[in-house]
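In: Fold the following for me, if possible:
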Amino acid sequence: MPLANTPKPPYYTVIFTSVKSNNDGYDEMSDKMVELVVKQSGFLGFESAKGEVGITVSYWESLEAIRNWYANTEHKEAQNKGRSDWYDSYTVRIAKVEREYSFNKG
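Out: Numbering: from 1, shown residues only. Presented below is the predicted three-dimensional model:
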């Protein structure tokens, strides 16, 4: 998966870290959420790593765009299912990106 191509700061990030307890139906819902989030106004991209601790970092134009995604009906359904079926624990962190730099060997 390539790294997200974000604009010049400032922009916002949502960092979702989780420990899963169950995977039944998770991958299908995850794919559905990716299809949905890329259509959200203000969404800039995401990066994800799955292991003992899952980490997904999404990038947004504004706090309002983040609030709109959080309130999305289908996303709410996935959140509820996550709490009842898939996660032992998770943490959501929201931050403003004020500076970035990168390296690309290619």
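In: For the chain, just list every one of the helices.
Out: 26-37, 63-71, 73-81 (DSSP state H).
In: can you tell which of these is closest to T6?
Out: Nearest to T6, of all the helices of the chain, is helix 63-71, at 13.4 Å by Cβ to Cβ. In this view, the C-beta of every residue, glycine as well, is placed from N, C-alpha and C.
In: Can you redo the helices of the chain as JSON lines, where the extra columns are distance to V92, mean neighbour count and mean pLDDT?
Out: Supplementary listing: these in JSON lines, determined by distance: least, Cβ to Cβ, whole Å; neighbours: other Cβ atoms under 10 Å; pLDDT from 0 to 100:
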{"stretch": "helix 26-37", "distance to V92": "14", "mean neighbour count": "14", "mean pLDDT": "94"}
{"stretch": "helix 63-71", "distance to V92": "9", "mean neighbour count": "15", "mean pLDDT": "97"}
{"stretch": "helix 73-81", "distance to V92": "10", "mean neighbour count": "13", "mean pLDDT": "95"}
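In: need the contact list for L63.
Out: Counting by Cβ atoms under 8 Å, 6 or more residues apart in numbering, L63 touches Y12, I94.
In: cutoff 10 Å now
Out: Y12, G42, I94, K96 (Cβ atoms under 10 Å, 6 or more residues apart in numbering).
In: taking these one by one, which sit in strands?
Out: Secondary structure of these is defined by DSSP state E; positions in strands are Y12, I94, K96.
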